[in-house]
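Asker: for reference, the sequence and a predicted model appear below.
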Amino acid sequence: MPLARAGSGVAHAELRIAVVAVAGLVVILALGLPSFVPAPFVVIAGLYGAQLTVDDVPLDVAAPAFAAGLVVGVELAYWSLDLRDRVKGAPGDELRRLAYVAALGVLALVVSAVLLALVDAISARGLGVDVLGAVAAACALLAVVLFARGRGPTED
Amino acid sequence: MTRRGTARVEGYALLAALLLVAALALRRPELAIAAAPFALVLAAGTTLTRDPRLQAALLPAASRTLEGDPVEAALTLESSVPVGRLEVFLELPAGVEVAEGSPAFALSLAPGEEQEIPLLLRCTRWGVFDVGKVELRATDLLRFVTWERRLSEPRTLKAYPRLEQTRHVVSALETQVYAGNEVARHPGDGIEYADLRDFVPGDRVRSINWRASARRQGLIVNERHPERNTDVVILVDSFVDLGADQRSTLDDTVRAAAALASRYLERRDRVGLVGYGGILRWLRPGMGAAQRYRLIETLLETGVEPTFTWRDANLIPARILAPKALVVALTSLVDPRFVTMLEDLRARRFDLVVVEIEPSGLVRPGPGRTAALAHRLWLLERDVLRMRLAGAGIAVGRWGDETSLEEALEEVRTFRRYARRARV
């Protein structure tokens, strides 16, 4: 998406970075390093953010599609890592997983579209962005804290 | 139960956090919008999941089986909440395997649903095995949290050794007083013809040999051999165990012991057992089907227990090594303590035979000329040892890769026939 929008000079640079990110993802998947899976997607998101800044568009309507693509890409990467597991799954496991990834993509699309509409309704600039960012950051932080509290061993 | 987060948790949290930071830094709400699905799914995945309270039990259909035969078993699984993926690992001990399929598999569980998975286990060797250990790893529907649980309920499965085919066994030189299938050396009431002698008052009329009496001037009677049983003590060498995964000398020793014990018990002989090694085990001579099960159960406990103490025949209780008993030693003739004990028993005039569980097929020479030479020397030393035992009057039969147990027993019988003639 960023490459499609960029000018020829910027596109070359972004293309190289994107190729490096994809190559990095391939290496990560080949070596089976789940902790490093987010790294290439962070790079791609960074390209998207940089392109938005350069273009300076008021509000990108393709953001939900980008968000859904990012979620599906991350899930597919984790799926490919799970396939390295030697334990054979039950029949139909792959189809269920495919349906799960597709549902996650649709969910991401819907949530992002709703948020985009909300942001558009409030304002594309000013306090709205800061409030939305702060609330989202607080939500993410809360989720991490809640998970960390329940992460230790528990007895029956 | 241990709860852990999957790698997906870190990934989602990292992506959400970095996208939000980038959104704030670049003042672009699109990045915050892209972060929202990650944060939402992460929050749902980590907070809405509940512990599944997994229950599992592996139940074999039988507690006893024969080495190599399949045993049906059922694995019962239950969870209180839906489980997206439940990985099951059967921690089977060495010697037990899943005959069909894999010991590790995955499935999904509905809440409250009890799934029974049929399995087919097989014991590849004799022994007593605990097959109740099951390791479970459950993953929630969103694949953010895993729970691990190790269930260990003792489920004992006994695999009896597969019996080697033997048509004839070694007969004892002396018989006991009870009726059996062995023809006694001394005359008495029996079926087998022994000799002729003059009639003496008290002899039964039916024992008179009228044809012989007609040729002589007086009455001649037939003498017969009575059928008696014998006492047999099986002496198992458990000092060392040579071999690989597929075959070992101790495995073969126990198989041979079980086969011989069964064969002697079929002949109404009394059979006892002495396990001579790091731990001394014994079973008093007895007869019948119950004794057979007692013997095999005792044999299943046989294992190599390392010891450096010197042991001799004095350790064996006298009531086990009964007078006139035939002692059948099953040994690889590797540990000198066992060899010394054999010579000691022979010196005490015990009727002793040795079935050698041949280890030379299991011990390969190492690389290089020196190792090959050492291996040859070792083989020559074994030949010398056999000759020494034969010189002491101990019959040695070799059971190995190229010979069967039946052939080893025939070798022993031949030696004993030859040795008796030599004495005459």
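Answerer: Structure's in. What do you need?
Asker: and residue B:290, what element?
Answerer: Take DSSP states H and E as the rule and residue B:290 turns out to sit in helix B:289-300.
Asker: please save the CA atoms from the following helix or strand past that helix in PDB.
Answerer: Counting by DSSP H and E, the next helix or strand C-terminal to helix B:289-300 is strand B:326-331. Taking Å, rounded to 0.1, in the frame of the first residue of the first chain, the C-alpha atoms of strand B:326-331 are listed here in PDB:
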ATOM      1  CA  LEU B 326      19.100 -79.900  39.300                       C
ATOM      2  CA  VAL B 327      20.500 -76.400  39.100                       C
ATOM      3  CA  VAL B 328      20.000 -74.800  35.700                       C
ATOM      4  CA  ALA B 329      22.200 -71.700  35.500                       C
ATOM      5  CA  LEU B 330      21.300 -69.100  32.900                       C
ATOM      6  CA  THR B 331      24.200 -66.700  32.500                       C
END
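Asker: separation between the residue most central in space within chain B and chain A?
Answerer: By C-alpha atoms, centre = their mean, chain B has its centre lying nearest to residue B:126, at 3.1 Å. Relative to chain A, residue B:126 is positioned 30 Å away (criterion: C-beta to the nearest C-beta, to the nearest Å). C-betas here are computed from N, CA, C, even on glycine.
Asker: just the angle for the lowest-mean-pLDDT helix or strand in chain B relative to strand B:326-331, thanks.
Answerer: The weakest-scoring helix or strand in chain B, judged by mean pLDDT, DSSP states H and E, is strand B:179-183 (a mean of 78). With axes from the mean of the first three to the mean of the last three C-alpha atoms, to 10 degrees applied, the angle from strand B:179-183 to strand B:326-331 works out at 80 degrees.
Asker: each with direction, which strands does strand B:179-183 pair with?
Answerer: strand B:227-228 (antiparallel) (DSSP bridges).
Asker: give me the neighbour count for residue 50.
Answerer: You didn't say which chain, so I picked chain A. Using other C-beta atoms under 10 Å in any protein chain shown, residue A:50 has 19 neighbouring residues.
Asker: oops, chain B please
Answerer: So residue B:50, with other C-beta under 10 Å, has 11 neighbours.
Asker: follow-up on the earlier one: which one is the residue nearest to the centre of chain B nearest to, not counting chain neighbours?
Answerer: residue B:161 (3.9 Å; C-beta to C-beta, 6 or more residues apart in numbering or on different chains).
Asker: how close does that neighbour get to residue B:405?
Answerer: 12 Å (C-beta to C-beta, to the nearest Å).
Asker: go on, residue B:277?
Answerer: 21 Å.
Asker: do residue A:19 as well
Answerer: For residue A:19, the distance to residue B:405 - C-beta to C-beta - is 70 Å.
Asker: again with residue B:86
Answerer: With C-beta to C-beta as the criterion, residue B:86 and residue B:405 are 47 Å apart.
Asker: just residue B:200 next, same as before
Answerer: Residue B:200 is 46 Å from residue B:405, by C-beta to C-beta.
Asker: comparing the two, which residue is more hemmed in?
Answerer: residue B:405 (22 against 8).
Asker: how about the closest residue to the more buried one other than its chain neighbours, secondary structure?
Answerer: Once flanking residues are discounted, residue B:405 sits nearest to residue B:164: 4.4 Å by C-beta to C-beta, 6+ apart. At residue B:164 the chain is in coil, as set by DSSP: H, G, I helix; E, B strand; the rest coil.
Asker: could you count how many residues lie near residue B:164?
Answerer: 20.
Asker: how about the nearest residue to residue B:53 once chain neighbours are set aside, secondary structure?
Answerer: Once flanking residues are discounted, residue B:53 sits nearest to residue B:80: 4.3 Å by C-beta to C-beta, 6+ apart. Secondary structure, three-state DSSP: residue B:80 is coil.
Asker: separation between residue B:80 and residue B:346?
Answerer: Taking C-beta to C-beta, one finds residue B:80 at 68 Å from residue B:346.
Asker: which of these two has more neighbours?
Answerer: Shown here are residue B:80 and residue B:346; by other C-beta under 10 Å, residue B:346 has more neighbours (18 against 14).
Asker: does the more buried one really touch residue B:340, like I thought?
Answerer: No: using C-beta atoms under 8 Å, residue B:346 is not in contact with residue B:340; the gap is 10.8 Å.
Asker: how about low-confidence regions in chain A?
Answerer: In the prediction, chain A carries residues with pLDDT under 70 at positions A:1-10, A:86, A:123-129, A:131-132, A:147-156.
Asker: the helices in it, which residues?
Answerer: When secondary structure is read from DSSP state H, chain A shows helices at A:2-5, A:8-31, A:38-55, A:63-82, A:93-122, A:127-149.
Asker: residue B:233: which of those is closest?
Answerer: With C-beta to C-beta as the criterion, residue B:233 lies closest to helix A:93-122 of the helices of chain A, at 59.0 Å.
Asker: packing partners of the closest one?
Answerer: helix A:63-82, helix A:127-149, helix B:29-47, strand B:104-109 (3 or more C-beta pairs under 8 Å, 6 or more residues apart in numbering or on different chains; DSSP states H and E).
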